[in-house]
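Student: need coordinates for the following:
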Amino acid sequence: MTFVHVDIHHLTHSCPANAEPHPYDTRRSVVAVVDGGTCRRPVTIRSGTTASTIACGRHEPRERQCPNCLITVIEHVVTFTFTGHHGPQHPATGNAA
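Tutor: A predicted model of the protein is given here:
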C-alpha cells in the first residue's frame with residue numbers, strides 16, 4: 001500500500017455573510033510518499049493489435065486493486081490561520097464595521 005503524508009493549512013476569516021470563522025483558502029503540501037512496491041496483479045490492456053501490461057492501480061477501480069497499488073492519504077498536520085474580519089470598511093475610520 002502506498003502512503004501519501006500531507007500537511008493541510010486552512011486560511012479562515014469571518015465576513016458579513018457569515019460571522020463564524022470559515023475557511024476561504026486551503027493549501028495542501030505532500031510531505032512524504034511511502035511506496036507500496038510493485039503490482040501483484042498486473043492488467044493486460046489491448047488497443048487494436050497492440051497489447052500492454054500495466055499496474056492494476058493505473059486501470060482498475062480502488063476495490064479491484066491489489067494491496068500494493070492502493071493509495072492511502074494521511075493528514076500529517078492540519079493547521080488554521082485566522083486572518084480577521086473581511087468586510088466593508090467604516091467610511092470615517094477605515095476600520096471594519
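Student: which SS state does the residue minimising distance to the centre of the chain fall under?
Tutor: Closest residue to the average C-alpha location of the chain: residue 28 at 6.1 Å, with C-alpha atoms, centre = their mean. When classified by DSSP: H, G, I helix; E, B strand; the rest coil, residue 28 comes out as strand.
Student: list the contacts of it.
Tutor: 6, 7, 8, 9 (C-beta atoms under 8 Å, 6 or more residues apart in numbering). The C-beta positions use only the backbone N, C-alpha and C, and glycine is treated the same way.
Student: out of these, who's nearest residue 48?
Tutor: Relative to residue 48, the closest of those is residue 6; by C-beta to C-beta it sits at 39.7 Å.
Student: so how far is residue 15 from the closest residue to that closest one other than its chain neighbours?
Tutor: Leaving out its chain neighbours, the residue that sits closest to residue 6 by C-beta to C-beta, 6 or more residues apart in numbering is residue 28, at 5.3 Å. Computed with C-beta to C-beta, to the nearest Å, the distance linking residue 28 and residue 15 is 23 Å.
Student: with residue 59 instead?
Tutor: Distance from residue 59 to residue 15, by C-beta to C-beta: 45 Å.
Student: pLDDT weak spots in the protein?
Tutor: Applying pLDDT under 70 to the chain picks out residues 89-97.
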